[in-house]
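Trainee: okay, predicted coordinates and the sequence, questions at the end:
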Amino acid sequence: MTAVATPPVAPTTPAARIEVPKPLTREQVRFFIEEGFLVAPGMIKPEELEELKADTCKLARGGYPCENLKPLPADTSDEEVLRTILCIHQPHFISPVMLKYVNHPVMCGALSQITAAHLPHWDGSVKCMQSMLFVKPPGFQGQAWHQDEIYIPTRDRSLVGAWIAMDDATIENGCLWVVPRSHKTGMLFDQRPHNNPDEFDFAGESYGFNESDERPVEVKAGTVVFFNGYLLHRSRKNRSNVFRRVLVNHYMNAWSRLPWFMPANDGKTPMPSPAILDVRNVVPVAGIDPYAYKGYETPAKNVWLRSCKANQKETPAAADHQKSAPNKEPDKK
Ligand SMILES: O=C(O)CCC(=O)C(=O)O
């Protein structure tokens, strides 16, 4: 008789539960479901913003040892350093401060109310798979129209960006623009090159929709803007003389698998179906992680720099930013 390997079985004991507050009203949750975004002023306190800004300087100066951000001479000013950076991808991989803001309890409480609120049986469980720290100095480019699920696919349309304004975000310094309700049909629009490198970074542009309903989302520092992964949005060039710093983290329903990256094809092992892929480089932030029995991938001790016309020369390492690979630069922008 041939021995049959016992398949791994999910443990019967439930995963640890992360308790979070419920800061949003029923009307705010309804607004998010209907409009695809929600503006939550004052969610991050002034002293927390100072902590985030100080850590942005520490990261940019190479204060956390990693391959892509080397320590800089002490006589280089913070201003000089920040003026070369559009965005640092996955800062929470190396900075405990950024990880703290991935887990911000009130923000994660809001996420536990909205992330998959379009699904009738959802229990409020949420996990994070990405952080992006935008510095966006004066003269730096924005990002053309896109839907975040083009880059980070969930299985249940539950991707949410939580966009933490560290500075006032205005039309002049390149705030977010959204097409309200554009998430509703579930259509993912095709992308093409935008041929406008003065205005936008090198990521593609979604097209084929009516953009006449777009509206700017101007907000005060400390506001969190939540937006659904199917919502069409963009940001324009910073035409002011001030920075527009933002930490944007991406979250999803913890019950959905995350088919983000195909494993490298070695030509020998059969490639898995995308239907069963599940990237485990994630941080549970609310409720339970039903897949905790699989364990977690250890994040690379590195970050990736995003490039645009304004910093192409200063950060040549950023040229690789569009390539995607497990535990490497995400396929997002
Ligand atoms: O803030 C920006 O400039 C762009 C952010 C964005 O589009 C995103 O996080 O998906």
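Mentor: Thanks, I have the structure now.
Trainee: how about the residues of this protein that lie near the ligand?
Mentor: By the rule Cβ under 6 Å from any ligand atom, the part of the chain lying against the ligand is Met132, Phe134, Gly142, Gln143, Asp148, Gly161, Leu176, His233, Ser235, Val246, Val248. C-betas here are computed from N, CA, C, even on glycine.
Trainee: try it again at 8 Å.
Mentor: 87, 132, 134, 136, 142-143, 146, 148, 161, 163, 174-176, 227, 233-235, 244, 246, 248, 250, 332-333 (Cβ under 8 Å from any ligand atom).
Trainee: so which elements touch the helix or strand Ala144 falls within?
Mentor: Using DSSP states H and E, Ala144 falls within strand 143-146. For strand 143-146, the elements it packs on are strand 205-206, strand 233-235, judged by 3 or more Cβ pairs under 8 Å, 6 or more residues apart in numbering; DSSP states H and E.
Trainee: give me the mean pLDDT for that strand.
Mentor: Regarding strand 143-146, the rounded mean pLDDT is 98.
Trainee: so what touches that strand?
Mentor: Strand 143-146 is contacted from outside by 189, 191, 194, 196, 199-201, 203-207, 211, 232-235, 333, using Cβ atoms under 8 Å, 6 or more residues apart in numbering.
Trainee: does Ala310 touch Gly142 like I think?
Mentor: No. Assessed by Cβ atoms under 8 Å, Ala310 is found out of contact with Gly142, at 10.8 Å.
Trainee: so what's the residue count around Gln312?
Mentor: Here the number of neighbours of Gln312 (other Cβ atoms under 10 Å) works out to 15.
Trainee: can you check Tyr291 too?
Mentor: 20.
Trainee: what's the nearest residue to it if we skip its chain neighbours?
Mentor: In space, not counting the residues next to it along the chain, Tyr291 is nearest to Asp278; the distance is 6.5 Å by Cβ to Cβ, 6 or more residues apart in numbering.
Trainee: is it true that the one you found touches Tyr293?
Mentor: No. Using Cβ under 8 Å, Asp278 is not in contact with Tyr293; the gap is 11.7 Å.
Trainee: quick one on the thing from earlier: partners of the strand holding Ala144 in the sheet?
Mentor: In the sheet, strand 143-146 lines up against strand 233-235 (antiparallel) (DSSP bridges).
Trainee: any idea of the mean pLDDT in the partner strand?
Mentor: 98.
Trainee: tell me which strands the helix or strand that it is followed by pairs with, and in which orientation.
Mentor: For strand 233-235, the succeeding helix or strand toward the C-terminus, using DSSP H and E, is strand 246-253. Its sheet considered, strand 246-253 pairs with strand 126-134 (antiparallel), strand 160-165 (antiparallel) by DSSP bridges.
Trainee: what's next to the shortest one, contact-wise?
Mentor: Applying Cβ under 8 Å, 6+ apart, the set of residues contacting strand 160-165 from outside is 43-44, 52, 101, 107, 110-111, 114-115, 148, 176, 219-229, 246-252.
Trainee: just those residues: which are in strands?
Mentor: Among the contacts of strand 160-165, the ones falling in strands (DSSP state E) are 176, 224-228, 246-252.
Trainee: who does His233 bridge with?
Mentor: Bridge pairing for His233 (DSSP bridges) gives the partners His146, Val178.
Trainee: check Leu69 too.
Mentor: Beta-bridge partners, per DSSP bridges, of Leu69: Cys66.
Trainee: and it, what does it touch?
Mentor: Leu59, Ala60, Arg61, Gly62, Ile88, Val303, Leu305.
Trainee: as JSON lines, the ones in strands among the contacts of strand 160-165 with pLDDT would be great.
Mentor: Listed next are those as JSON lines, based on pLDDT from 0 to 100:
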{"residue": "Leu176", "pLDDT": "98"}
{"residue": "Val224", "pLDDT": "99"}
{"residue": "Val225", "pLDDT": "99"}
{"residue": "Phe226", "pLDDT": "99"}
{"residue": "Phe227", "pLDDT": "98"}
{"residue": "Asn228", "pLDDT": "98"}
{"residue": "Val246", "pLDDT": "98"}
{"residue": "Leu247", "pLDDT": "98"}
{"residue": "Val248", "pLDDT": "98"}
{"residue": "Asn249", "pLDDT": "98"}
{"residue": "His250", "pLDDT": "98"}
{"residue": "Tyr251", "pLDDT": "98"}
{"residue": "Met252", "pLDDT": "98"}
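Trainee: let's have the residues you listed in TSV, adding neighbour count.
Mentor: Formatted as TSV, those follow (neighbours: other Cβ atoms under 10 Å):
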residue	neighbour count
Leu176	27
Val224	25
Val225	24
Phe226	25
Phe227	26
Asn228	28
Val246	25
Leu247	26
Val248	20
Asn249	28
His250	23
Tyr251	29
Met252	29
